[in-house]
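What shape does this take:
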Amino acid sequence: MNMLSPNAYIFWSTIAGPIFLEGWRQAPSHGLAFMLGFYGALIGGFMSFVVLFGILGQASPRLNRVLGFVSAVALFGFGLYQIWLGAQRFF
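Modelled structure (predicted):
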């Protein structure tokens, strides 16, 4: 499924590819530093999420309920905000 998704191809052909090529033209180490920094941040961010949610999964049930409630309220508020923005544009 990911191979058929155009998102990665669009991103690399319009944004990351030109940045990488410009860095490579200046010095190959600049292009490699971009790649290492990009994938390091991407994979490091994913690893951080895994560790964070692993730690939170072992927390007390009361804390999990509170965090779930906070998340639900935040998502509900964001949904209302999106509906309000859409209604403003429609009317």
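
Residue 50 versus residue 12, what's the distance?
Residue 12 sits 25 Å away from residue 50, going by CB to CB, to the nearest Å. Glycine gets a C-beta too; all of them are placed from N, C-alpha and C.

Between those two, which has more neighbouring residues?
Using other CB atoms under 10 Å, the more surrounded residue of residue 12 and residue 50 is residue 12, with 13 against 10.

Just the pLDDT at residue 1, thanks.
On pLDDT, residue 1 comes in at 68.

Burial check on residue 79, number of neighbours?
10.

tell me the mean pLDDT over the helix or strand harbouring it?
Element membership for residue 79, per DSSP states H and E: helix 61-90. Helix 61-90 shows a mean pLDDT of 94.

tell me what that helix is packed against?
Other elements packing on helix 61-90 under the criterion 3 or more CB pairs under 8 Å, 6 or more residues apart in numbering; DSSP states H and E are helix 28-57.

who are the neighbours in contact with residue 21?
Residues near residue 21 by CB atoms under 8 Å, 6 or more residues apart in numbering: residue 31.

Quick one: residues contacting residue 77.
Counted by CB under 8 Å, 6+ apart, residue 77 has zero contacts.

Equivalent analysis for the one 3 residues further on, please.
Applying CB under 8 Å, 6+ apart, we find residue 80 in contact with no residue.

Distance of it relative to residue 42?
32 Å.

Can you check what pLDDT the model gives residue 33?
Residue 33 is given a pLDDT of 97.

Spell out which residues sit in contact with it, please.
residue 23 are the contacts of residue 33 under CB under 8 Å, 6+ apart.

how much space between it and residue 8?
For residue 33 relative to residue 8 (CB to CB), the value is 21 Å.

how deep is residue 35 tucked in, by neighbour count?
15.

and if you look at residue 57?
8.

ok, and the closest non-adjacent residue to it?
In this structure, residue 57 finds its nearest non-sequential neighbour in residue 64, 7.9 Å apart by CB to CB, 6 or more residues apart in numbering.

Tell me if I'm right that the one you found and residue 56 touch.
Yes: Residue 64 is in contact with residue 56 according to CB atoms under 8 Å; the separation is 7.1 Å.

Can you give the contact residues for stretch 58-73?
56, 57.
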